[in-house]
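Peer 1: model this:
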Amino acid sequence: MDITPGTRAGDAERQQVADLLARHLGAGRIDLTEYDQRVAQVWAATTREDLQVVLSDLPTLSKRETPQRNSHPIRFPIWQRIEGAAWVGVGVLSLMIWGLISLGMGQFTYPWPMWVIGPWGAALAFRAVTGWEASGCRGKVSIRF
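Peer 2: Have a look, this model is predicted:
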């Protein structure tokens, strides 16, 4: 490891410091506003010394303060859970609208919600089963505008 002054920091090092800040936030040493400010400083830092400045007034975390990892990791990433919840919500809303229209007409109408629920659900299931979308972005953060 290069220890010369001004050594440039990498994204992995920035992520480690951001994780440490999250643990300090969880321990109550910093509040949410200060956490946001410090994380912004972390991602703007260019050298390892800049990263150490962000942590300079915080104590070193002990083993007791290290959160225990969950023995059962979450199967689905957060974005898939959000998309799944949206799919369920829209599906229920579509079925309710279809049911009210059928009730108002006094007979079952064409089951159009199947065209909302079916293809969307199949796409979500395909992505969840194959991991197609998640395989290329594990451990990477990419924001596009």
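Peer 1: contacts, neighbours, all on C-alpha from now
Peer 2: OK.
Peer 1: Against Gly118, how distant is Arg127?
Peer 2: Separation of Arg127 from Gly118 (CA to CA, to the nearest Å): 14 Å.
Peer 1: hang on, I meant Leu58
Peer 2: Noted for Leu58: a distance of 52 Å to Gly118, by CA to CA.
Peer 1: what's the answer for Met96, then?
Peer 2: When distance is defined by CA to CA, Met96 is 16 Å away from Gly118.
Peer 1: ok, now Val90?
Peer 2: Taking CA to CA, one finds Val90 at 12 Å from Gly118.
Peer 1: So these two - more neighbours on which side?
Peer 2: Comparing Val90 with Gly118 by other CA atoms under 10 Å, the one with more neighbours is Val90, at 15 against 12.
Peer 1: Could you list the low-pLDDT ranges of this structure?
Peer 2: Confidence mapping of the chain against pLDDT under 70 gives the ranges 1-5, 63-74, 133-145.
Peer 1: so what are the domain limits for it?
Peer 2: Segmentation of the chain into domains, based on automatic domain parsing, reads 1-66, 78-130.
Peer 1: quick one: contacts of stretch 106-120?
Peer 2: With CA atoms under 8 Å, 6 or more residues apart in numbering as the test, stretch 106-120 has contacts from Trp87, Val90, Gly91, Ser94, Leu95, Trp98, Gly99, Ile101, Ser102.
Peer 1: does the residue lying closest to the third one once chain neighbours are set aside sit in a helix or strand, and which one?
Peer 2: Excluding its sequence neighbours, the residue lying closest to Gly91 (CA to CA, 6 or more residues apart in numbering) is Ile117, at 5.5 Å. When elements are defined using DSSP states H and E, Ile117 is found to belong to helix 113-130.
Peer 1: Need the CA coordinates for that helix. CSV is fine.
Peer 2: Output in CSV follows, covering the C-alpha atoms of helix 113-130 (Å, rounded to 0.1, in the frame of the first residue of the first chain):
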residue,chain,number,x,y,z
PRO,A,113,-56.5,-6.3,-16.0
MET,A,114,-54.8,-9.5,-17.2
TRP,A,115,-52.9,-7.3,-19.7
VAL,A,116,-51.7,-5.1,-17.0
ILE,A,117,-50.8,-7.7,-14.4
GLY,A,118,-49.6,-10.5,-16.7
PRO,A,119,-46.8,-9.1,-18.8
TRP,A,120,-45.5,-6.8,-16.0
GLY,A,121,-45.5,-9.7,-13.5
ALA,A,122,-43.7,-12.0,-16.1
ALA,A,123,-41.0,-9.4,-16.6
LEU,A,124,-40.5,-8.9,-12.9
ALA,A,125,-40.4,-12.7,-12.3
PHE,A,126,-37.9,-13.1,-15.2
ARG,A,127,-35.6,-10.5,-13.7
ALA,A,128,-35.8,-11.9,-10.2
VAL,A,129,-35.2,-15.5,-11.2
THR,A,130,-32.4,-14.9,-13.6
